[in-house]
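In: Turn this into a model:
(chains A and B)
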2 protein chains.
Amino acid sequence: MDAIKVQPLVVNYKTLEEFKRFKEYGNQELSMLEDLQNNIIENNSTSPFFGIYYGSALIARMSLYKVPSKYNYYFEPRDEYLELWKLEVLPDYQKQGYGEMLVEFAKGYRLPIKTNPRVNSHGFWERMGFDKLSYDMERDLGENPLGWRPTGVEEQNAS
Amino acid sequence: MDAIKVQPLVVNYKTLEEFKRFKEYGNQELSMLEDLQNNIIENNSTSPFFGIYYGSALIARMSLYKVPSKYNYYFEPRDEYLELWKLEVLPDYQKQGYGEMLVEFAKGYRLPIKTNPRVNSHGFWERMGFDKLSYDMERDLGENPLGWRPTGVEEQNAS
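Out: Residues are numbered from 1 along each chain as shown, chains lettered A, B, ... in the order given. All right, here's what the predicted structure looks like:
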């Protein structure tokens, strides 16, 4: 068996079918499926998802998007940062370090990371070195933003 | 007993204590508490929350924020719209129409409404006349945006 590692996921029917096993399947995946069916995107095109396979089964995933510096309202200096969402490990594979592997992979870009985790996952994010970002209603609305900052990066002053 | 109705919630220690009974208690409420403790906001100042009391107990709530037209990336014409979040009814009071009362109250502003509901609540939002907005990754990231449009308002063309 191949070594277990984080890899970029391409968009095809097999991957989209595997995504259905994850709780946070939503508009994003439905839109990818429609785009594939309507030939708006090609089979095996790149996606914002990264995942971990155990044998041939996708057991963990996350989405990563590099936000351009002009939309950086969170970190100082105002360079690009990563938005991380839909981090999820399938139930049978939890508590075995796969979530940590995905987050460490994201940290490897050496960019600040912002995420809006689900309720009750704060212990995990704290262990991974993420801090609560100060809440600004007009910016954050219903979010609970957390951030990870590589050395030299600070939080922007709240407006 | 007073008639059951939707009312604006002011920020004070009693309200913030009642908020702890709701699942989606998060950064927003913690920040309101800190601001109150540090006298950054006054006792009984206005908040983005609206709620329903049953006797003296807060049993349902939501947050509403009027997004300025220049940040309207969802609806056409590009006037202001409402962002709705943290719609929640306490478990003992669910399935009795309180969620509907809150949403109908929001619709009373006759502005388009955008929300990013939790997984598994789509049946409710569909009954309330909300449609899935087309997904745009750079705009929506991990969201599953739904929208309600009064007559004459359309969805913006996806970029």
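
In: C-alpha only now, for contacts and for neighbours.
Out: OK.

In: mind checking which helix or strand residue A:126 is in?
Out: Using DSSP states H and E, residue A:126 falls within helix A:122-127.

In: Next secondary structure after that helix?
Out: Sequence-wise, the next helix or strand downstream of helix A:122-127 (DSSP H and E) is strand A:131-132.

In: export stretch A:116-134 as CSV, just CAs?
Out: Extracted in CSV, the C-alpha atoms of stretch A:116-134 (Å, rounded to 0.1, in the frame of the first residue of the first chain):
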residue,chain,number,x,y,z
ASN,A,116,-14.4,29.3,10.7
PRO,A,117,-14.7,26.0,12.6
ARG,A,118,-17.9,24.3,13.6
VAL,A,119,-19.0,24.6,17.2
ASN,A,120,-17.3,22.2,19.6
SER,A,121,-14.0,21.7,17.6
HIS,A,122,-12.1,24.5,19.5
GLY,A,123,-9.9,22.0,21.5
PHE,A,124,-8.6,20.6,18.2
TRP,A,125,-7.8,24.0,16.7
GLU,A,126,-6.2,25.2,19.9
ARG,A,127,-3.8,22.2,19.9
MET,A,128,-3.0,23.1,16.3
GLY,A,129,-1.9,26.6,17.3
PHE,A,130,-5.0,28.5,16.1
ASP,A,131,-6.1,31.5,18.1
LYS,A,132,-9.5,33.2,18.3
LEU,A,133,-9.4,36.3,16.0
SER,A,134,-11.1,39.3,17.5
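
In: Just the residues contacting that stretch, thanks.
Out: If you take Cα atoms under 8 Å, 6 or more residues apart in numbering or on different chains as the criterion, stretch A:116-134 is touched by A:74, A:84-85, A:100, A:103, A:143-149, A:155, A:158, B:23-24, B:26-27, B:31.

In: Report the buried members of those.
Out: Among these, the ones that count as buried by 16 or more other Cα atoms under 10 Å in any protein chain shown are A:74, A:84-85, A:100, A:103, A:143-149, A:155, B:24, B:26-27.

In: now, which of those residues sits nearest residue B:50?
Out: Within the buried ones among the contacts of stretch A:116-134, the smallest distance to residue B:50 is 14.6 Å, found for residue B:24 (Cα to Cα).

In: Based on its surroundings, how many neighbours for residue A:25?
Out: Applying other Cα atoms under 10 Å in any protein chain shown, we find 15 residues neighbouring residue A:25.

In: can you pull the contacts of it?
Out: Neighbouring residues of residue A:25 by Cα under 8 Å, 6+ apart: residue A:19.

In: Where does it sit: helix, strand or coil?
Out: Three-state call for residue A:25 (DSSP: H, G, I helix; E, B strand; the rest coil): coil.

In: Just the ones in strands from the contacts of stretch A:116-134, please.
Out: Taking DSSP state E as the definition of strands, the contacts of stretch A:116-134 contribute A:84-85, A:146-148, A:155.

In: Show me the subset of those that also lies near chain B.
Out: Checking these against chain B by Cα under 8 Å from any Cα of the partner chain, the ones in range are residue A:85.

In: what does chain A put close to chain B?
Out: Within chain A, the positions adjacent to chain B are A:23-24, A:26-28, A:31, A:65, A:83, A:85-86, A:119, A:132, A:134-137, A:141-145 by Cα under 8 Å from any Cα.

In: Go again with 6 Å.
Out: By Cα under 6 Å from any Cα of the partner chain, the part of chain A that sits against chain B consists of A:27, A:85, A:142, A:144.

In: Looking at stretch A:89-106 now, give me its mean pLDDT.
Out: For stretch A:89-106, the mean pLDDT works out to 97.

In: tell me which residues in that stretch are buried?
Out: Using 16+ other Cα under 10 Å as the burial criterion, the residues of stretch A:89-106 that qualify are A:89, A:98-103, A:106.

In: pLDDT of the helix holding residue A:126, averaged?
Out: Per-residue scores along helix A:122-127 average to 94.

In: what comes up buried for that helix?
Out: Applying a neighbour-count criterion of 16+ other Cα under 10 Å, one finds residue A:125 buried in helix A:122-127.

In: Might you calculate how far it sits from the centre of the chain?
Out: Relative to its chain's centre, helix A:122-127 lies at 15 Å (Cα atoms, centre = their mean, to the nearest Å).

In: now do stretch A:16-36
Out: On the basis of Cα atoms, centre = their mean, stretch A:16-36 sits 15 Å off its chain's mean C-alpha point.

In: For residue A:64, give me its contacts.
Out: By Cα atoms under 6 Å, 6 or more residues apart in numbering or on different chains, residue A:64 lies in contact with A:48, A:83-84.

In: how about 8 Å then?
Out: With Cα under 8 Å, 6+ apart, residue A:64 has these contacts: A:48-50, A:82-85, A:106.

In: any idea whether it is helix, strand or coil?
Out: Under three-state DSSP, residue A:64 falls in the strand class.

In: Quick check: pLDDT value at it.
Out: At residue A:64, the predicted lDDT confidence score is 98.

In: Not counting sequence-adjacent ones, nearest residue to it?
Out: residue A:84 (4.7 Å; Cα to Cα, 6 or more residues apart in numbering or on different chains).
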